[in-house]
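> With the sequence up front, the predicted model follows.
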Amino acid sequence: MSNEKNYTGGNTNITQSESIKTEAELLQKITELVSEYHDYEAPRIRSDGDIIVSLNSDLKRNRQALHSLADAVQLMMDRDKPKRYR
């Protein structure tokens, strides 16, 4: 028996070193895929094991600005509507 602890994730037969190797392979494949899409940043692994693929920060700001503009225009149009009295 080796000194490696068994990984208690989905498959209990996978050792911790095998899990790290599998995680690295997955991250490499995702990185290759994401590199084809310039709107996304390189993937990263969080401490809890989640893999994050973020939208480019400039695109996020632009989308938020457009959303804010759309909200402002909608608010102005709603204020311009004639009020109905009952």
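Ah, there it is. Numbering: from 1, shown residues only.
> Where does pLDDT dip in this protein?
Where the chain drops to pLDDT under 70, the residues are 1-13, 83-86.
> try 50 this time
Filtered on pLDDT under 50, the chain yields the residue ranges 1-8, 86.
> Can you show me the helices along this protein?
Per DSSP state H, the chain carries helices over the ranges 16-34, 57-80.
> which stretch among the ones you listed comes nearest S47?
helix 16-34 (12.7 Å; Cβ to Cβ). C-beta here means a position set from N, CA and C on the backbone, and glycine is covered the same way.
> Now do the buried residues in that closest one.
Buried residues in helix 16-34, defined by neighbour count with 16 or more other Cβ atoms under 10 Å: S19, V34.
> Using PDB, write out every CA atom in it.
The C-alpha trace of helix 16-34 is given here as PDB (Å, rounded to 0.1, in the frame of the first residue of the first chain):
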ATOM      1  CA  GLN A  16      -4.600  11.900  -4.900                       C
ATOM      2  CA  SER A  17      -1.700  12.100  -7.400                       C
ATOM      3  CA  GLU A  18      -3.900  10.600 -10.200                       C
ATOM      4  CA  SER A  19      -6.500  13.100  -9.400                       C
ATOM      5  CA  ILE A  20      -4.000  16.000  -9.700                       C
ATOM      6  CA  LYS A  21      -2.800  14.600 -13.000                       C
ATOM      7  CA  THR A  22      -6.400  14.200 -14.300                       C
ATOM      8  CA  GLU A  23      -7.200  17.800 -13.200                       C
ATOM      9  CA  ALA A  24      -4.100  19.100 -15.000                       C
ATOM     10  CA  GLU A  25      -5.000  17.300 -18.200                       C
ATOM     11  CA  LEU A  26      -8.600  18.700 -18.000                       C
ATOM     12  CA  LEU A  27      -7.300  22.200 -17.400                       C
ATOM     13  CA  GLN A  28      -4.900  21.900 -20.400                       C
ATOM     14  CA  LYS A  29      -7.800  20.700 -22.700                       C
ATOM     15  CA  ILE A  30     -10.000  23.500 -21.500                       C
ATOM     16  CA  THR A  31      -7.200  26.000 -22.000                       C
ATOM     17  CA  GLU A  32      -6.800  24.800 -25.600                       C
ATOM     18  CA  LEU A  33     -10.500  25.100 -26.200                       C
ATOM     19  CA  VAL A  34     -10.800  28.600 -24.600                       C
END
